[in-house]
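Trainee: Next input, structure requested:
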Amino acid sequence: MVTSFILLRARRGTVKSLAENLAARTGIAEVYSVSGNFDLVAIARVKDNDALADLVTGELATIDDITHSETMLAFRAFSRHDLQSMFSIGSA
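Mentor: Residues are numbered from 1 along each chain as shown. This next block holds a predicted model:
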């Protein structure tokens, strides 16, 4: 499982609709509206790096409401919660 954080800037007036669009996509686990230099943070959880490349450079790159993005790849999770087991339920 590959986890990444996708930081997004949205075209003015489209944050809510863009967030809903992203949240409905396969591979996007969560979407947050945030303060700061970005409008949204999408958390992607996909099978492998190829699936992440397809999602980011294939799907998300075609969305006109995204004006800028930065993708950060997570190396390791540090949490009191067993996140891996929570998100691996039902995945092959």
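Trainee: residues contacting the residue nearest to T14 when sequence neighbours are not counted?
Mentor: Spatial nearest neighbour of T14, chain neighbours left out: D65 (4.2 Å); criterion: CB to CB, 6 or more residues apart in numbering. For every residue, glycine as well, the C-beta is placed using N, CA and C. Residues counted as contacts of D65 (CB atoms under 8 Å, 6 or more residues apart in numbering) are A10, R11, T14, S17, L18, N21.
Trainee: Please check those residues and keep the buried ones.
Mentor: Among these, those classed as buried by 16 or more other CB atoms under 10 Å are A10, T14, L18, N21.
Trainee: I figured the last one was touching D64, is that so?
Mentor: This points to N21. No: using CB atoms under 8 Å, N21 is not in contact with D64; the gap is 10.7 Å.
Trainee: Quick check: the farthest pair among the contacts of D65?
Mentor: R11 and N21 (12.1 Å; CB to CB).
Trainee: Nearest to D50 among the buried ones among the contacts of D65?
Mentor: Nearest member of those to D50, counting by CB to CB, is N21, at 22.6 Å.
Trainee: tell me the secondary structure for that closest one?
Mentor: helix (DSSP: H, G, I helix; E, B strand; the rest coil).
Trainee: which residues in the chain form helices?
Mentor: 15-23, 49-53, 83-87 (DSSP state H).
Trainee: Comparing those helices, which stretch has the densest surroundings?
Mentor: Stretch with highest mean neighbour count among the helices of the chain: helix 15-23 (a mean of 16; mean count of other CB atoms under 10 Å).
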